[in-house]
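Asker: Sequence first, then the predicted structure:
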Amino acid sequence: MLSHNENEAEAAGGHEHPAWQAHHFYSGAQQKASVKLGMWAFLVQEVLFFSGLFMAYFAFRYLYPDTWLAAHELLDWRLGGLNTVVLLFSSLTMALAVRACQLDDMKAVVRYLWITIGCAGIFMVVKYFEYSHKFHAGTLPGKWYTFDGIEGGAPEVFFAVYFMMTGVHGLHVVIGIGIMLWMIFGPIRKGKISKDYYPLVENVGLYWHLVDLIWIFLFPLLYLVR
Amino acid sequence: MSSTTGDLAPGHEHDHHASYLTATKGVASWLFTLDHKRIGVMYLVAILTFFLIGGLAALGVRAELFTPEPDLFTGSQYNRWFTVHGAVMVFLVLVPSIPASLGNFFLPLMLGQKDVAFPRLNLLSFHIYILGALFLIYTLISGGVETGWTFYTPYSSTTDSSVISALMGAFTLGFSSILTGINFIVTIHKMRAPGMTWRKMPLFLWGTYATSLIQVLATPVIAVTLFLLMFERTFHIGIFDPALGGDPVLFQHFFWFYSHPVVYVMILPAFGVISETVSIHSRKHIFGYMAIAASSVAIAFIGFLVWGHHMFVSGQSELSGTIFSLITFGVAVPTAIKVFSWVGTMYGGAIRLNSVMLYTLAFLFIFTIGGLTGLFLAVLAVDVHMHDTYFVVAHFHYVMMGGTLMGFIAGIHHWWPKMTGKMYNEKLAKFGCLVVFTGFNLTFFTQFVMGARGMPRRYHEYLPEFQLWHQLSTIGAFTLAAGLFITLGYLLLSLKNGEKASKNPWGAKSLEWETESPPIEHNFVGQVVCDHGPYDFDEIDYSRG
Ligand SMILES: [Cu+2]
């Protein structure tokens, strides 16, 4: 993000501001604050994106309450619970990665990121088994629905909502894995992240906590309907 | 007067005192530039190009309507023409119009900065815009879409035209809009020149700020809606399709939750432009600075609570209809505060009746009609009668075209000397404005009349009793087009042989007028300090009463 300006700052030679600071900022503190505010604004738009899916969930649950109750029995709360625990743990390791930045221990940063990636991987594998079971049973959205045995109208709508919500969330998990891998092999390996400047790690951390948080809402809404 | 202190470190000096237009050369130096000014200019060129395409589609529609019989198009072709017009104008022209072009160019300049907070993100948002535009162009080439720009289900999920690529286009353009919004919010929060408090910010920036808030808060909702619709259409997942248990009214709720606030994305920056031009060309301090600033944010906020006024006849409950109607009236309050403040600014000012001022007056006249007719439509009983008639068409054209685009053109004229370093021919500009104004009102005022008499929208043939009104409207549309071509003509001509513009041809007080025309690559020499308000004019002799 900053390479162009870094080169210029280096060319300037003996500049008073650090290499990571872009020259259109007055100070490093201003730059850090800007990058963080930008991330928060981005997270707000993520929340709004998911809010559409949540509204669809509530609208259809209101329309078809019996279907919702009957259809959720087909989801395995133990698998959902396992994934909840895995994601919560990964949020802890992500927080520890940020902590390691503050302590300037880059080896630990990489270690914690790998553990986080591992957890994300476990989450996706569990999701894979859940999805394939549904493809097998025919509990699918819209015209693909072939299952027989749910009382109440429009069970296929429950599965449309289920697949869209968990699918978009899963996509965010995969993107998270990608960003973490890029961070390990890109900026961290190139030594661009240090105790002095690590908003990138913080921002990926914020993103990851949001992905976790959304799952915390998805799990009870989908698996624990009452 | 503001001052510049200190200087940049050595090594920053090489060619940075050259104009941004000539600092580097070659097509790539433009397409991959991180300079907000060049990005703004590229947006401007792109937006005007799409304005031409959308405008030609509108002329096609108006030409068909010259007679009651279908002459040029079949019904299906006609649907495609007005969809092209609507989709291009909304997604490629009106939404990005002022913020992406003038906003990108002037936001850092007015704040006394070298650039926006995230220059790379800024370039990315431009590239995403072009990608989205390519999807829409592909849609156009592959036969078009006949759903209208609103993509209502279940028609959009079942009709056989290039709906998917159109949805991809709108979806992609949404991200461009979100990224610009985030960039502007951060820049305004974190990067104001020393001394520039929120209350010393030019009102154009307040308008842009309120706009950015809506872009970040509303656009993700249309993104997820279009995303679901793409799945609906491709895999028939049944969320919006009643045949599969889905709910088409849910689509309308989602759609208007974005698409009402987005009309404020279009109009708030125009309010910002008018706040600048009305004060600077009246040479008088803006009347009610805080009222104008706060009403922009208030409009942005209330704008999120009125989407149901597009759905009075969709079967939503009477209670929600009533509530949406009442809140819609609420929007009129901050809007009226603005109009009042602008008129108050002109009162007792030394008005310079140049083309910028003429466009500003045109804006005030047209927008006020557009706003007031919006109140008719907010009345439940009247809306049931007017719904889907030309009255609605005329209303939103008075607001969107007459409001946003008049503000946009006023802004282009106001800042043209700064952007290009050239003055345009003022006589031709005044003449052009007159033609645009006449053409506009002829086109759309007639539509109020026929709408009130029951002419429905989106029909390619109609009863002969409406012919006179349709013909006047069509003549108006071609007059309007002629006026716009005159405008384009003298603006382009000025690039070649226009008089050289001084630093500050209007005697304005905001920071963008303190650098060269056109600005140097890094905007200012040294660090700018702001020690006066943007409208602190001192020349008027108030004793004249
Ligand atoms: Cu509306």
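Answerer: On my side now, so go ahead. Numbering: from 1, shown residues only, chains lettered A, B, ... in the order given.
Asker: Alongside chain A, which residues does the stretch 251-400 of chain B contribute?
Answerer: Where the stretch 251-400 of chain B comes near chain A, counting by CB under 8 Å from any CB of the partner chain, the residues are B:His253, B:Phe254. For every residue, glycine as well, the C-beta is placed using N, CA and C.
Asker: ok, and the closest non-adjacent residue to B:Phe105?
Answerer: Closest residue to B:Phe105 in three dimensions, ignoring its sequence neighbours and counting by CB to CB, 6 or more residues apart in numbering or on different chains: B:Gly40, at 3.3 Å.
Asker: what's the neighbour count on whatever residue of chain A ends up closest to chain B?
Answerer: Using CB to the nearest CB, the closest approach of chain A to chain B is made by A:Ala154 at 2.9 Å. Number of residues near A:Ala154 (other CB atoms under 10 Å in any protein chain shown) recorded here: 21.
Asker: State the phi and psi torsions of the residue in the stretch 151-300 of chain B that chain A sits nearest to.
Answerer: Of all residues in the stretch 151-300 of chain B, the one sitting closest to chain A is B:Gly245 (2.9 Å; CB to the nearest CB). Summarising the backbone geometry of B:Gly245 under the convention degrees, to the nearest 10, its torsions are phi 90, psi 0.
Asker: any bit of the helix ranked longest in chain A sitting next to chain B?
Answerer: Scanning chain A for the longest helix, with DSSP state H as the assignment, gives helix A:28-63. Yes: Helix A:28-63 reaches chain B (CB under 8 Å from any CB) through A:30, A:33-34, A:37-38, A:41-42, A:44-46, A:48-53, A:55-56, A:59-60, A:63.
Asker: What is the subsequent helix or strand relative to that helix?
Answerer: Going down the chain from helix A:28-63, the next helix or strand is helix A:65-72, by DSSP states H and E.
Asker: now that following helix and helix A:28-63, what's the angle there?
Answerer: Orientation of helix A:65-72 against helix A:28-63 (axes from the mean of the first three to the mean of the last three CA atoms, to 10 degrees) gives an angle of 110 degrees.
Asker: Buried residues in helix A:65-72, which are they?
Answerer: By neighbour count, and taking 16 or more other CB atoms under 10 Å in any protein chain shown as the criterion, the buried residues in helix A:65-72 are A:Thr67, A:Trp68, A:Leu69, A:Ala70, A:Ala71, A:His72.
Asker: send the alpha carbons of that helix over as CSV?
Answerer: What follows is the C-alpha trace of helix A:65-72 in CSV, where atoms were taken according to Å, rounded to 0.1, in the frame of the first residue of the first chain:
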residue,chain,number,x,y,z
PRO,A,65,-42.8,-20.3,11.8
ASP,A,66,-43.7,-24.0,11.8
THR,A,67,-41.4,-24.7,8.9
TRP,A,68,-38.6,-23.0,10.6
LEU,A,69,-39.1,-25.1,13.7
ALA,A,70,-39.3,-28.4,11.7
ALA,A,71,-36.5,-27.7,9.3
HIS,A,72,-33.9,-26.7,11.9
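Asker: now the helix or strand following that helix, how far from the centre of its chain.
Answerer: Using DSSP H and E, the helix or strand that directly follows helix A:65-72 along the chain is helix A:77-102. Here helix A:77-102 is found 11 Å from its chain centre; the criterion is CA atoms, centre = their mean, to the nearest Å.
Asker: How about stretch B:84-98?
Answerer: For stretch B:84-98, the separation from the chain centroid amounts to 8 Å (computed by CA atoms, centre = their mean).
Asker: which element follows the strand or helix carrying B:Phe485 toward the C-terminus?
Answerer: Secondary structure assigned from DSSP H and E places B:Phe485 in helix B:467-497. On the C-terminal side of helix B:467-497, the nearest following helix or strand under DSSP H and E is strand B:499-500.
Asker: Show me what that following strand is packed against.
Answerer: In terms of contacts (3 or more CB pairs under 8 Å, 6 or more residues apart in numbering or on different chains; DSSP states H and E), strand B:499-500 is packed against strand B:422-423.
Asker: Now do the contacts for B:Leu59.
Answerer: Contacts for B:Leu59 (CB atoms under 8 Å, 6 or more residues apart in numbering or on different chains) come out as B:Ala477, B:Phe478, B:Ala481.
Asker: in the helix or strand hosting it, what's buried?
Answerer: Taking DSSP H and E as the criterion, the element that holds B:Leu59 is helix B:36-64. Taking 16+ other CB under 10 Å as the neighbour-count basis, helix B:36-64 is seen to contain the buried residues B:36-44, B:46-48, B:50-55, B:57-64.
Asker: From A:Thr67, how far off is the residue of chain A closest to chain B?
Answerer: A:Ala154 is 6 Å from A:Thr67, where distance means CB to CB, to the nearest Å.
Asker: Check which helices and strands the longest helix of chain A sits against.
Answerer: Packing partners of helix A:28-63 (3+ CB pairs under 8 Å, 6+ apart): helix A:155-183, helix A:199-223, helix B:163-190, helix B:203-235, helix B:248-259.
Asker: switch the cut-off to 10 Å
Answerer: Of the remaining helices and strands, those touching helix A:28-63 by 3 or more CB pairs under 10 Å, 6 or more residues apart in numbering or on different chains; DSSP states H and E are helix A:65-72, helix A:155-183, helix A:199-223, helix B:163-190, helix B:203-235, helix B:248-259.
Asker: Compute the inter-axis angle for the helix holding B:Phe485 and helix B:36-64.
Answerer: Computed with the same axes, to 10 degrees, the direction of helix B:467-497 lies at 150 degrees from that of helix B:36-64.
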